[in-house]
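*Asks:* pasting a predicted model and its sequence here:
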Amino acid sequence: MDDCSAGTAPASRAPLRVAAHGRPPWPLHGAALSRLIEQHAQQGLPTHTLMQRAGASVARFALAIAPHARGIWVACGPGNNGGDGLEAAMHLHRAGKRVQVGLLGDPTRLPPDAAASLRRAQAAGVPITDSASPPTVPSCHDLAIDALLGVGGARAPQGALAAAVMHLRHWPGTVLCVDLPSGLHPDTGQAFEESGDVVRGHHTVSLLTLKPGLFTGSGRDHAGQVWFDDLQTGLREPPTAWLFSKSASIEPGRRHSQHKGSFGDVLVLGGAAGMTGAALLAGRAALVAGAGRVFVHTLGDPAWPVDTMTPELMFRDAAAVEAMNWAPLTLVCGCGGGTVVRAMLPRALSHAGRLVLDADALNAIAADPMLQSLLEGRGRRGAATILTPHPLEAARLLGVEEAATVQSDRLRAARQLADRYRSVVVLKGSGSVVAAPDTVPSINFTGNAALASAGTGDVLAGWMAGLWPQGRDALLAAQLATHAHGAAADRWVASHGHQGPLPASRLIELLAGYPP
Ligand SMILES: NC(=O)C1=CN([C@@H]2O[C@H](COP(=O)(O)OP(=O)(O)OC[C@H]3O[C@@H](n4cnc5c(N)ncnc54)[C@H](OP(=O)(O)O)[C@@H]3O)[C@@H](O)[C@H]2O)[C@@H](O)CC1
Ligand SMILES: Nc1ncnc2c1ncn2[C@@H]1O[C@H](COP(=O)(O)OP(=O)(O)O)[C@@H](O)[C@H]1O
Ligand SMILES: [K+]
């Protein structure tokens, strides 16, 4: 029988669970803005108030997620993140928990707020050591609180801090991160160095601001479920990025009097030899997204007659496509287009009304300065384009060698692409970034590794093209499509209980609202 009581939580509001639905987008603030917001908040409050609120919030949350925890190890670093941990430790100790603090930093050199929390913890009788190891062999009932580094993390943890990170990574029970998983860059969601260790939490309580790094790059893998406490400041500052969250009000319904001409025509150009399926996936996705009519030109077999699985798709050979007026169309270009898709691009870039460029179309543009200037010129004329690169395609478009360069700062890379090509950009992957010129970018919160399956990108491009003409601008179409695409994969994982690969055709059925 568990001999540890849950204890009473210190008074404070509960942190909000960060979720992808049902509210306006969440503002995200990087490290520099978070510091500024902290300074502003401090000005209107008595000294040490924010840290007291932060510690109380963390303690209350710890009791809620691990009410039966026997021992609680609080690993505290040398800055104010450690101060939050000390403050939380004091409350948990008072709540009757067996708490042990490992303070990894010179106690005489703590910043003033953290030093105040150290004194409060000492006065309350919290056991405090300078050890990087937990006091006893932890059991799976125990809770660990990671208060090593927060927004002041500046480099990969080394020495005692690295040892504590290692213990936290091997912790058998629940791990709760204060503000950020230690070792994670708050702005990029990556480790400070490729070899740098990062804590993996089950939960992260982000304090005062939500940091973008929690939601993109490897942030999702390290943060676990993210919770937010604004420490009762209610401060509003322009954000670094938004976390896209879908509220019902941004989905227009169909009016009774509308007809298929109201929902736009989509033309898919892709499917070189051996890759016909990619064009079919995009076409099917455009249909289920609600496009009025979908035409497909398969580059590998221009005489392709019918898709018996989706007879609604209309196939057009080269002459028919040539004769079409592309100005009123939404074109999807790429999708298994191989090298042959290049021949379609000059006309697409010059004349398509709306243009979604994916995969091989992006690779062709990256390799050809003439196509690049057409794309840039298109953007300057105000013609709408959405680019949907994965990180390697983005690297090529930016003229850098490696996908890792893009991944090291996904927000920056997406913004650079949007500005350079004057286009909406969806930089795909965990926490897809949606950027547009002169606009605060957003990070998509839906989706999971089940999407790491061939053809899901073709589905995204087609779905986006199907949504776009239905009364949405390019940015909202890109945001909504990316959100729906990920949400379908989340429903799949919820119904299967694991993240096995989600076949792209099944993804289309899920998007169409078929029962999972
Ligand atoms: N003040 C308040 O009231 C509130 C504060 N809040 C909390 O404060 C946190 C920010 O605190 P912070 O600015 O002190 O930074 P923090 O993340 O603790 O780290 C800085 C220290 O770590 C050190 N260091 C860095 N990297 C290192 C490494 N690899 N290995 C070893 N050392 C390393 C760095 O040393 P330096 O780089 O200067 O040599 C410095 O000593 C924020 O995330 C939130 O939790 C909020 O709750 C709101 C209320
Ligand atoms: N781990 C992940 N988390 C969230 N989304 C993912 C993950 N892995 C892949 N995806 C999504 O799956 C899609 C894959 O697209 P892409 O790489 O172009 O594949 P393909 O070319 O095979 O269609 C993108 O929308 C991407 O964001
Ligand atoms: K931390």
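*Replies:* Cool, got the structure. Ligands and ions are numbered 1, 2, ... in the order given.
*Asks:* got the buried residues for the host helix or strand of E322?
*Replies:* Assigned by DSSP states H and E, E322 belongs to helix 318-323. Buried residues in helix 318-323, counting neighbours by 16 or more other CB atoms under 10 Å, are found at V321. From N, CA and C alone the C-beta is placed, and that goes for glycine too.
*Asks:* and for stretch 450-463?
*Replies:* By neighbour count on 16+ other CB under 10 Å, the buried set for stretch 450-463 is A450, L451, S453, G455, T456, G457, D458, V459, L460, A461, G462, W463.
*Asks:* with stretch 322-335 instead?
*Replies:* Here stretch 322-335 shows W326, L329, T330, L331, V332, C333, G334, C335 as buried, counting by 16+ other CB under 10 Å.
*Asks:* re the thing from before, now for the helix holding E322, which elements pack on it?
*Replies:* With contacts taken as 3 or more CB pairs under 8 Å, 6 or more residues apart in numbering; DSSP states H and E, helix 318-323 sits against strand 293-298.
*Asks:* so what pLDDT did the nearest residue to L374 once chain neighbours are set aside get?
*Replies:* Of all residues not flanking L374 in the chain, L349 sits nearest, at 4.0 Å (CB to CB, 6 or more residues apart in numbering). The pLDDT attached to L349 in the predicted structure is 98.
*Asks:* make sure L349 is indeed in a helix.
*Replies:* Yes. Looking at L349 with DSSP: H, G, I helix; E, B strand; the rest coil, it is inside a helix.
*Asks:* tell me the contacts of the spatially most central residue of the chain?
*Replies:* By CA atoms, centre = their mean, the chain has its centre lying nearest to G431, at 2.2 Å. Residues in contact with G431 (CB atoms under 8 Å, 6 or more residues apart in numbering) are G189, F215, T216, G217, G219, R220, R410, I443, N444, F445.
*Asks:* of the buried residues of stretch 322-335, which is the nearest to V198?
*Replies:* The shortest approach to V198 among those belongs to G334, at 34.1 Å (CB to CB).
*Asks:* where do the domain boundaries of this structure fall?
*Replies:* Following automatic domain parsing, one finds the domains of the chain at 16-242, 262-511.
*Asks:* just put the ones you listed in TSV and tack on distance to R255.
*Replies:* Below are the domains of the chain laid out as TSV (distance: least, CB to CB, whole Å):
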stretch	distance to R255
domain 16-242	24
domain 262-511	8
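*Asks:* which positions in this structure make contact with ligand 1?
*Replies:* If contact is defined as CB under 6 Å from any ligand atom, the residues of the chain in contact with ligand 1 are 38, 50-51, 54, 77-82, 84, 111, 113, 149-158, 161, 178-179, 207-208.
*Asks:* can you narrow these to ones near ligand 3?
*Replies:* With CB under 5 Å from the ion as the criterion, the subset of the residues of the chain next to ligand 1 in contact with ligand 3 comprises V178.
*Asks:* ok, of the residues of the chain next to ligand 1, which come out buried?
*Replies:* In those, burial by neighbour count holds for 38, 50-51, 54, 77-82, 84, 113, 149-153, 156-157, 161, 178-179, 207-208, counting by 16+ other CB under 10 Å.
*Asks:* now, the residues you listed that are in strands?
*Replies:* If you go by DSSP state E, these have V178, L207 in strands.
*Asks:* go through the buried ones among the residues of the chain next to ligand 1 and flag which are in helices.
*Replies:* Of the positions in those, E38, L50, M51, A54, N80, N81, G82, D84, D113, L161 sit in helices, assigned by DSSP state H.
*Asks:* excluding sequence neighbours, find me the nearest residue to the first one.
*Replies:* Setting aside the residues directly before and after it, E38 is nearest to L208 in space (CB to CB, 6+ apart), at 6.0 Å.
*Asks:* what of D265?
*Replies:* The shortest distance from D265 to any residue other than its chain neighbours is 4.8 Å, reached at R293 (CB to CB, 6+ apart).
*Asks:* likewise D419?
*Replies:* That would be P437: by CB to CB, 6+ apart, it lies 5.5 Å from D419.
*Asks:* got the contact list for that neighbour?
*Replies:* If you count contacts by CB under 8 Å, 6+ apart, P437 has them with G379, A418, D419, R422, S423.
*Asks:* and with 10 Å instead?
*Replies:* Contacts of P437 were listed using CB atoms under 10 Å, 6 or more residues apart in numbering, and they are G379, R415, L417, A418, D419, R420, Y421, R422, S423, V424, V425, L475.
*Asks:* pretty sure the residue nearest to D265 contacts H259?
*Replies:* No. Under the contact definition of CB atoms under 10 Å, R293 does not touch H259, with a separation of 11.2 Å.
*Asks:* least trustworthy helix or strand in the chain by mean pLDDT?
*Replies:* When the helices and strands of the chain are scored by mean pLDDT, DSSP states H and E, strand 16-17 comes last with a mean of 90.
*Asks:* okay, buried residues for the strand or helix carrying A481 please.
*Replies:* A481 belongs to helix 474-496 when elements are defined using DSSP H and E. Of the residues in helix 474-496, those buried by neighbour count under the rule 16+ other CB under 10 Å are 474-493.
*Asks:* stretch 404-415 now?
*Replies:* For stretch 404-415, by 16+ other CB under 10 Å, it's V406, Q407, S408, D409, R410, L411, A413, A414, R415.
*Asks:* again, but for stretch 269-284
*Replies:* Buried residues in stretch 269-284, counting neighbours by 16+ other CB under 10 Å, are found at 269-272, 275-284.
*Asks:* can you give me the pLDDT of the closest residue in space to H141 that isn't next to it in sequence?
*Replies:* In space, H141 comes closest to R70 once its chain neighbours are excluded; the distance is 4.9 Å by CB to CB, 6+ apart. Model confidence at R70, given as pLDDT, is 85.
*Asks:* tell me who's in contact with L45.
*Replies:* Here L45 is in contact with Q52, R53, L231, Q232, T233 (criterion: CB under 10 Å, 6+ apart).
*Asks:* can you select the buried ones among those residues for me in PyMOL?
*Replies:* The command below creates a PyMOL selection of those among those that count as buried (16+ other CB under 10 Å):
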select buried, resi 52+53+231+233
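*Asks:* now pLDDT too, for the contacts of L45, in CSV please.
*Replies:* Formatted as CSV, the entries for these read as follows, by pLDDT from 0 to 100:
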residue, pLDDT
Q52, 98
R53, 97
L231, 95
Q232, 91
T233, 90
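*Asks:* which member of the contacts of L45 is positioned nearest ligand 2?
*Replies:* Distances from ligand 2 to those, taken as CB to the nearest ligand atom, are shortest for L231 (30.5 Å).
*Asks:* which residues touch the residue in the stretch 1-150 of the chain positioned nearest to ligand 2?
*Replies:* Ligand 2 sits closest to A20 of the stretch 1-150 of the chain, with a gap of 12.0 Å, by CB to the nearest ligand atom. A20 is in contact with 26, 243-246, 444-447, 483, 486-487, 490, counting by CB under 10 Å, 6+ apart.
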